[in-house]
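Enquirer: no FASTA, just this:
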């Protein structure tokens, strides 16, 4: 597989699929995270991504170890209001897209350039516009 290039500095955001694949030691995602770090990018996840990605068979020790190397973006009142505004602007409903909206809102606040590893390119494009470079995983 061809190696994808990431930007210098900035931020790499993992959505639920990105975190899930990192937990599963997916070769492509592990390589992209390692490359991002080597280029000085901070690797972050939204706090809600943990809820979405973790399941009964998740290796909790591995999760804890991985989270220790990531910055977890909190979601408070202001972030929730901003995520809600993103949903409204994209014409989406909170029930199905609430976590995606929180992830997008957090991504849009990070140091640029921002790259997101996601399986939801269509939805994230609606939510992030051109403010985040989306890399399908």
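Expert: Ah, there it is. Note that the structure is predicted; figures quoted are calculated from it, not measured.
Enquirer: rest of the way, CA atoms for contacts and neighbours
Expert: Fine.
Enquirer: Quick one: neighbours of residue 78, just the number.
Expert: 9 (other CA atoms under 10 Å).
Enquirer: Check the secondary structure at it for me.
Expert: helix (DSSP: H, G, I helix; E, B strand; the rest coil).
Enquirer: Residue 54 versus that one, what's the distance?
Expert: Residue 78 is 25 Å from residue 54, where distance means CA to CA, to the nearest Å.
Enquirer: Okay, buried residues for stretch 117-133 please.
Expert: Neighbour counts over stretch 117-133 (16 or more other CA atoms under 10 Å) mark 117-121, 123-128, 131-133 as buried.
Enquirer: partners of the nearest residue to residue 42 once chain neighbours are set aside in the sheet?
Expert: With sequence-adjacent residues excluded and distances taken as CA to CA, 6 or more residues apart in numbering, residue 42 is closest to residue 11, at 4.8 Å. Residue 11 forms beta bridges with residue 42, residue 114, as assigned by DSSP bridges.
Enquirer: if I pick residue 11, what's in contact with it?
Expert: 41-44, 110-115 (CA atoms under 8 Å, 6 or more residues apart in numbering).
Enquirer: At which residues are the helices of this structure located?
Expert: 16-23, 27-38, 47-53, 60-68, 77-90, 94-108, 121-128 (DSSP state H).
Enquirer: Run a quick neighbour tally on the closest residue to residue 48 other than its chain neighbours.
Expert: Sequence neighbours aside, residue 99 is the residue nearest to residue 48 in space, at 6.4 Å (criterion: CA to CA, 6+ apart). By other CA under 10 Å, 21 other residues sit near residue 99.
Enquirer: Distance-wise, check residue 99 relative to residue 13.
Expert: Distance, residue 99 to residue 13, using CA to CA: 14 Å.
Enquirer: Next: residue 107.
Expert: In this view, residue 107 and residue 13 are 6 Å apart by CA to CA.
Enquirer: Which of the two has more residues huddled nearby?
Expert: Neighbours per residue, other CA under 10 Å: of residue 107 and residue 13, the larger number sits with residue 13, 32 against 26.
Enquirer: Isn't the more buried one up against residue 114?
Expert: Yes - taking contacts as CA atoms under 8 Å, residue 13 lies within contact range of residue 114: 7.3 Å.
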